[in-house]
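Q: make a model of this:
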Amino acid sequence: MLSYCVRSVLCTLKLPPCRETRALQPSRRHRSTSSSDDPHGVSGFMQLCVDRHYVSPGRTNTELFQCGKSCVYGPLGNELRRNLLEQWWHSVTRSSAQVFGINTLCRSEDTAADGRGKLGIVESSYLKHIIEKQDLSKEQLIQEIETLIQRSRSLRTDFLQGALEQFVPSLDLVNRKLPFGLAEFGPCFLPSGGSGCPAEVTRASLTWFCSPRTSSQWLDHWAQQRLKWWRKFALSPSDFSSIDVPAEELEEAKSRGVRIVYSFPWGREPLETLWSRGHTELLQTHKGVHSKLQCRDGRKSVPHVVSVTGNMDRGVMAFLSNSLQQLKKEDGKQTLLRRKVLKLHPVLAPVKVALDIGRGANMELRQVCEGLQQEFMEAKISAWPGYLETLPTSMEQLNAKYDEMGVLFAVVVSENTLESGLLQVRSRDTTIRETKHISEIKNFLSRYISAADKL
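A: Predicted coordinates for the structure are as follows:
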C-alpha cells in the first residue's frame with residue numbers, strides 16, 4: 001500500500017521561495033518568462049535545458065529545478081547529476097582514510113510529534129477513511145487527524161540525525177580515535193515554508209567528528225576543500241565563492257557557519273553549507289551519556305561536530321549555468337552566427353561522444369557505429385547514437401545540437417572508414433576536425449577524460 005505525504009491529499013502544489021535562498025536573495029524575479037522582465041535570459045536557459053534533455057518539460061517541473069529542488073530530469077540531466085554525486089563522493093571519502101559511507105532510512109522510527117518542523121507521512125487510505133466518516137463532528141474529525149499525524153513516522157530533512165545515531169556504532173572502526181567522518185547522499189524533504197507542501201531535494205552530507213580544540217580549524221579546512229572542489233569543474237571558477245554566515249542566522253548549537261555559493265545571473269544562491277555545531281546535538285541524541293561518547297585525541301573528550309550539507313540539484317543547475325557560452329562568429333558571407341555551447345567539464349559531461357554516419361553504404365556504416373557503441377559501453381564512455389536518426393540533418397545542424405547538449409566529441413563514420421579505417425573527430429571546445437584511425441578512438445577519449453580529471 002502506497003505511503004506518501006499528507007500534502008498529496010490536503011493541498012495542491014505551490015512553490016514558495018526556498019528558505020535557504022531567501023537568506024541571500026530577497027526576491028525571485030527571475031521566474032518571469034517575458035523578455036522585458038527577464039533580463040538575465042533565464043527562460044532561454046531553461047528552454048535549452050528542456051530541449052537538450054536535461055530537464056523534462058512542464059512549468060511546475062522547471063520551477064522546481066529553478067528553486068533548487070528535485071525535479072523530473074531528462075536522460076542527460078539524470079546522468080549529469082549522477083556524475084556530480086559520484087565526484088562529490090570520491091572527493092569526500094578519498095580525501096581522508098577516516099571517512100566512511102553510511103546509509104540511513106528516509107523514514108525515521110521517531111514520530112512526527114517528537115519535534116517541531118518534522119514532516120510526517122501517513123497512508124492515504126487511513127486519512128481518507130477518517131475524512132469520510134459521517135458520524136464525526138468537526139472537533140472529532142480534527143482530533144482523529146491530529147492523532148494520526150502524531151503517530152506517523154517522520155521524514156528526514158537532512159542527514160545529520162542519522163549520522164549522530166551512527167556515531168557510537170562507528171567508534172570501533174577508528175578505535176575511538178579522532179577525527180573521522182560519516183558521509184551519505186540521497187533524497188531529503190524540505191519543510192513547506194508555510195504552503196503545506198514539502199518538496200524533495202537531493203542532498204550530500206559529511207558529518208565530521210573532531211576534538212573541541214580543533215573544530216574551528218576543521219571548519220576552515222573543509223570550507224577550503226569544498227570551494228576548491230566546486231571550482232575544479234567550473235568553466236568560470238570565480239563564480240563560485242565562500243561567505244561567512246551572519247551571526248543573526250546562527251541557530252541553537254551552531255556557533256559558526258560558512259556557505260559555498262554560486263553567482264547565478266539573478267544573484268547568489270547556496271550550494272553547500274558548513275556548520276560548527278559543538279557537541280550539544282550529539283549529547284542529546286545519546287541521552288547525555290558522556291562515557292560512551294568520549295574519544296581519544298591527545299585527551300579524552302566528547303567530540304565536536306562539523307557538518308557539510310550540499311544541495312546537489314542546485315549544483316546541477318549551477319554547472320549548467322556556468323558552462324553555457326553564447327559565441328558569435330561570421331561566416332564567409334559576413335553573416336553573424338550565434339552558437340550556444342554547454343562546455344561542461346569532461347568528467348561531468350553526460351555524453352562524451354556522439355556517433356554519426358556520413359555518405360556511403362548505410363548498412364555497413366551503421367554496423368561500424370554499433371561496434372564502436374559497444375566498445376565505448378565496455379569502456380564506460382557514454383555515447384550518443386546519432387546514427388539512429390532518421391530525419392535528414394546537415395552536419396552543421398548536428399554540430400549545433402551536440403554543442404548545446406555538451407557532447408565532447410562528434411565522430412563521423414564514412415565510406416572512407418570502410419576503406420582505410422579513418423574517422424573524422426570534431427572537438428566541442430575547439431570545433432577543430434581531426435582524422436583518427438578507428439583503432440585509436442577509444443584510447444584517445446579515455447586519455448582525454450582521465451587527463452581532465454587530474455587537472
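
Q: state the distance from the residue nearest the centre of the chain to Ser382.
A: Of all residues in the chain, the one closest to the mean position by CA atoms, centre = their mean is Met312, 2.3 Å from it. Relative to Ser382, Met312 is positioned 19 Å away (CB to CB, to the nearest Å). The way it works is simple: take the backbone N, C-alpha and C, and place the C-beta from them, glycine included.

Q: about what we covered before: show the pLDDT at the residue nearest to the centre of the chain.
A: Residue-level confidence at Met312 comes out at 98, pLDDT.

Q: any idea what Val55 is bridged to?
A: Val55 has these beta-bridge partners by DSSP bridges: Tyr73.

Q: count of neighbours near Leu327?
A: For Leu327, the count of nearby residues is 12 (other CB atoms under 10 Å).

Q: can you pull the contacts of it?
A: Under the criterion of CB atoms under 8 Å, 6 or more residues apart in numbering, the neighbours of Leu327 are Arg338, Arg339, Lys340, Val341.

Q: host element of it?
A: Taking DSSP states H and E as the definition, one finds Leu327 inside strand 324-330.

Q: please list the residues outside the very next helix or strand once past that strand that contact it.
A: Later in the chain than strand 324-330, the nearest helix or strand by DSSP H and E is strand 336-342. Contacts of strand 336-342 with the rest of the structure, by CB under 8 Å, 6+ apart, involve 48, 52, 320, 323-331, 400, 403-406, 428-429.

Q: and the pLDDT for Thr157?
A: Here, the pLDDT recorded for Thr157 equals 87.

Q: wasn't it part of a helix?
A: No: secondary structure assignment (DSSP: H, G, I helix; E, B strand; the rest coil) places Thr157 in coil, not in a helix.

Q: what's the distance between it and Leu84?
A: According to CB to CB, Thr157 and Leu84 sit 21 Å apart.

Q: which one of the two is surrounded by more residues?
A: When Thr157 and Leu84 are compared for neighbours, Leu84 comes out ahead with 23 against 17, by other CB under 10 Å.

Q: residues contacting the more buried one?
A: By CB under 8 Å, 6+ apart, the neighbours of Leu84 are Met312, Gly315, Val316, Phe319, Leu348.

Q: equivalent analysis for Trp208, please.
A: Pro179, Phe180, Gly181, Trp218, Trp222, Val305, Val306, Ser307, Val308.

Q: now do the helix or strand where the fifth one lies: distance to the chain's middle.
A: Using DSSP H and E, Trp222 sits within helix 215-232. Taking CA atoms, centre = their mean, to the nearest Å, the mean C-alpha location of helix 215-232 is offset from the chain mean by 18 Å.

Q: what does stretch 391-405 give?
A: Taking CA atoms, centre = their mean, one finds the center of stretch 391-405 at 28 Å from the center of the full chain.

Q: stretch 342-356 too?
A: 17 Å.

Q: okay, how far is it across that stretch, tip to tip?
A: End-to-end distance of stretch 342-356 (CA to CA, to the nearest Å): 20 Å.

Q: check stretch 381-399 too.
A: Across stretch 381-399, first to last residue, CA to CA, it's 19 Å.

Q: contacts for that stretch, please.
A: Residues contacting stretch 381-399 (CB under 8 Å, 6+ apart): 79, 350-357, 365-366, 369, 372-373, 376-377, 401-402, 405, 407, 410, 412-413, 426, 431, 442, 445-446, 449.

Q: got a PyMOL select line for the buried ones in the residues you listed?
A: Buried subset of the contacts of stretch 381-399, written as a PyMOL selection, criterion 16 or more other CB atoms under 10 Å:
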select buried, resi 79+350+351+352+353+354+355+356+357+365+366+369+372+373+376+401+402+405+407+410+412+413+426+442+445+449
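
Q: now, which of the contacts of stretch 381-399 lie within strands?
A: Val353, Ala354, Leu355, Asp356, Ile357, Ala410, Val412, Val413, Arg426 (DSSP state E).

Q: tell me if I'm right that Ser427 and Leu408 touch.
A: Yes: under the criterion of CB atoms under 8 Å, Ser427 makes contact with Leu408 at 7.5 Å.

Q: who has more neighbours out of the two?
A: Leu408 (24 against 13).

Q: quick check, the more buried one in contact with Tyr448.
A: Yes: at 7.4 Å, Leu408 counts as touching Tyr448 under the criterion of CB under 8 Å.

Q: mind listing the shared neighbours of those two?
A: By CB under 8 Å, 6+ apart, the residues touching both Leu408 and Tyr448 are Pro346.

Q: and the gap between the residue of the chain positioned farthest from its centre and Lys128?
A: The centre of the chain is farthest from one residue, Asp135, which by CA atoms, centre = their mean lies 48.5 Å away. Look at Asp135 and Lys128: by CB to CB, they are 16 Å apart.

Q: for Ser263, same thing?
A: Taking CB to CB, one finds Ser263 at 47 Å from Lys128.

Q: what are the pairing partners of the host helix or strand of Leu206, and which direction each?
A: Element membership for Leu206 (DSSP H and E) is strand 199-210. Note on strand 199-210: by DSSP bridges, its sheet partners are strand 180-190 (antiparallel), strand 304-311 (antiparallel).

Q: now do that strand, average pLDDT.
A: 95.

Q: check which residues of stretch 83-98 are buried.
A: Under 16+ other CB under 10 Å, the buried positions of stretch 83-98 are Asn83, Leu84, Leu85, Gln87, Trp88, Trp89, Ser91, Val92, Thr93, Ser95, Gln98.

Q: same question for stretch 300-316.
A: Buried, per 16+ other CB under 10 Å, within stretch 300-316: 301-316.

Q: ends of that stretch, what's the gap?
A: 42 Å.

Q: pLDDT weak spots in the chain?
A: In the predicted model, the chain carries pLDDT under 70 at residues 1-40, 108-121, 192-197, 329-337, 360-361.

Q: contacts for stretch 280-288, please.
A: 160-161, 164-165, 167-168, 209, 252-253, 290, 292-293, 302-303, 305.

Q: one more pass at 10 Å, please.
A: Stretch 280-288 is contacted from outside by 160-161, 163-168, 207, 209, 252-255, 289-290, 292-293, 302-305, 307, using CB atoms under 10 Å, 6 or more residues apart in numbering.
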